[in-house]
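Peer 1: model the structure of this input:
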Amino acid sequence: MVGGCGSTPEYMSPEQAETDVLGADRSDIYSLGALLYELLTGVTPLDPARLREAGYAQTLKVIREEEPVKPAPVSPIPATRWRPWARA
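Peer 2: Residues are numbered from 1 along each chain as shown. Predicted coordinates:
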């Protein structure tokens, strides 16, 4: 928790950082999206080190105003790698 806020900053939605509302459905969907982003890319949408070293007000500002880094596109896996019986 950051300064008494009820959420982990890496997964906090911009709406939650703006109004400090804990139960909104949109915040839950955003947090799920942040978790899926992390599972697929190996990193959280916002830099956790930067969020942790900032003060409470600055952390909320980063969450509200900064766009997460878009992951680089990944080349599709050739069918022969995930289906060994398929012919190239």
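Peer 1: the spatially most central residue of the chain: what's it in contact with?
Peer 2: The residue at the geometric middle of the chain, judged as the C-alpha nearest the mean C-alpha position with Cα atoms, centre = their mean, is A34 (2.9 Å). If a contact means Cβ atoms under 8 Å, 6 or more residues apart in numbering, then A34 has 10-11, 44-45 as its contacts. All C-beta atoms are positioned from the backbone trio N, CA, C, and that covers glycine.
Peer 1: A57: which of those residues is nearest?
Peer 2: Closest to A57 out of the contacts of A34 is E10 (17.4 Å), distances taken as Cβ to Cβ.
Peer 1: that closest one contacts L51, doesn't it?
Peer 2: Yes: counting by Cβ atoms under 8 Å, E10 does reach L51; the two are 6.5 Å apart.
Peer 1: farthest pair in the contacts of A34?
Peer 2: Looking at the contacts of A34 by Cβ to Cβ, the two members farthest from one another are Y11 and P45, with 8.6 Å of separation.
Peer 1: output the lowest mean pLDDT helix or strand found in the chain.
Peer 2: For the chain, scoring each helix and strand by mean pLDDT, DSSP states H and E identifies helix 79-82 as the least confident one, at a mean of 66.
Peer 1: show me where this structure has helices.
Peer 2: Taking DSSP state H, the helices of the chain run over residues 14-19, 25-41, 48-53, 56-65, 79-82.
Peer 1: of the ones you listed, which approaches A72 most closely?
Peer 2: Among the helices of the chain, helix 25-41 comes nearest to A72, with 9.0 Å by Cβ to Cβ.
Peer 1: list the buried residues of the closest one.
Peer 2: 27, 30-31, 34, 37 (16 or more other Cβ atoms under 10 Å).
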